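Participant: Let's see this in three dimensions:
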Amino acid sequence: MYISKRALRKHFDPREYPRETYLLCELKWRGGARSWKHWVRNEDDNYHAEQYFLEEIFEPRSYNTCDMTWYLSYSPCWKCCQVIEGFLEEQRNVNIDIRVARLYYVKDPRNCMALRELRRFQGVRITAMEAEDYDYCWDTFIQPDVNYDFSPKKFKSEIQRNRVKLEDIFQVSTL
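Facilitator: Now for the predicted structure:
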């Protein structure tokens, strides 16, 4: 399932602040030969992309471990962090590697605290997207042979700023 090049550029460029959140997912069941790719976006403020994916798209299989990588245009809000935690409490065989293009309202202490709590969950990893992640998303979630200039080199300083901000949020939990 492919996302449009325009949507990837607009929603994952950390210099922009669109209203919607996009979630690009690659998941693999251990023991399986292939990975599965999907993407969703929130349609309104009441049903976020993370919740929609976990409740409407993901199909649990209790017999094997599932490794998911999420590329999110925004970090999860505090409510979505709670939804993810609830999901992981029920689906102990799922690991989620969350990579974010930008941080969602980090001036709200609830969002920072929820990210810290989610990060402590077994099987969860949260990082800011790096240049390689952008290249990977372009190669994986855009239809092949699409020529378009999308280079993370243009916003390397924003990538670095998000990485440092996220590390600062997590650092508070270790003090």
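
Participant: tell me the pLDDT at Y47?
Facilitator: On pLDDT, Y47 comes in at 84.

Participant: Helices along the chain, start to end?
Facilitator: Remark: helices assigned in the chain by DSSP state H are 5-12, 49-52, 78-90, 109-120, 131-141, 156-172.

Participant: helices and strands around the second one, which ones?
Facilitator: Secondary structure elements in contact with helix 49-52, counted by 3 or more Cβ pairs under 8 Å, 6 or more residues apart in numbering; DSSP states H and E, are strand 22-29, strand 36-41, strand 66-72, helix 78-90. All C-beta atoms are positioned from the backbone trio N, CA, C, and that covers glycine.

Participant: got those as JSON lines, with mean pLDDT columns?
Facilitator: What follows is these, written out as JSON lines (pLDDT from 0 to 100):
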{"stretch": "strand 22-29", "mean pLDDT": "94"}
{"stretch": "strand 36-41", "mean pLDDT": "92"}
{"stretch": "strand 66-72", "mean pLDDT": "96"}
{"stretch": "helix 78-90", "mean pLDDT": "96"}
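
Participant: Please tabulate the ones you listed in TSV, including the columns distance to V124 and mean neighbour count.
Facilitator: Shown next, in TSV, are the helices and strands packed on helix 49-52 (distance: least, Cβ to Cβ, whole Å; neighbours: other Cβ atoms under 10 Å):
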stretch	distance to V124	mean neighbour count
strand 22-29	14	20
strand 36-41	19	17
strand 66-72	10	20
helix 78-90	7	17
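
Participant: what would those look like in JSON lines with distance to K153?
Facilitator: What follows is those, written out as JSON lines (distance: least, Cβ to Cβ, whole Å):
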{"stretch": "strand 22-29", "distance to K153": "20"}
{"stretch": "strand 36-41", "distance to K153": "24"}
{"stretch": "strand 66-72", "distance to K153": "18"}
{"stretch": "helix 78-90", "distance to K153": "30"}
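
Participant: which one of the ones you listed lies closest to K154?
Facilitator: Of all the helices and strands packed on helix 49-52, the one in closest proximity to K154, counting by Cβ to Cβ, is strand 66-72 (18.0 Å).
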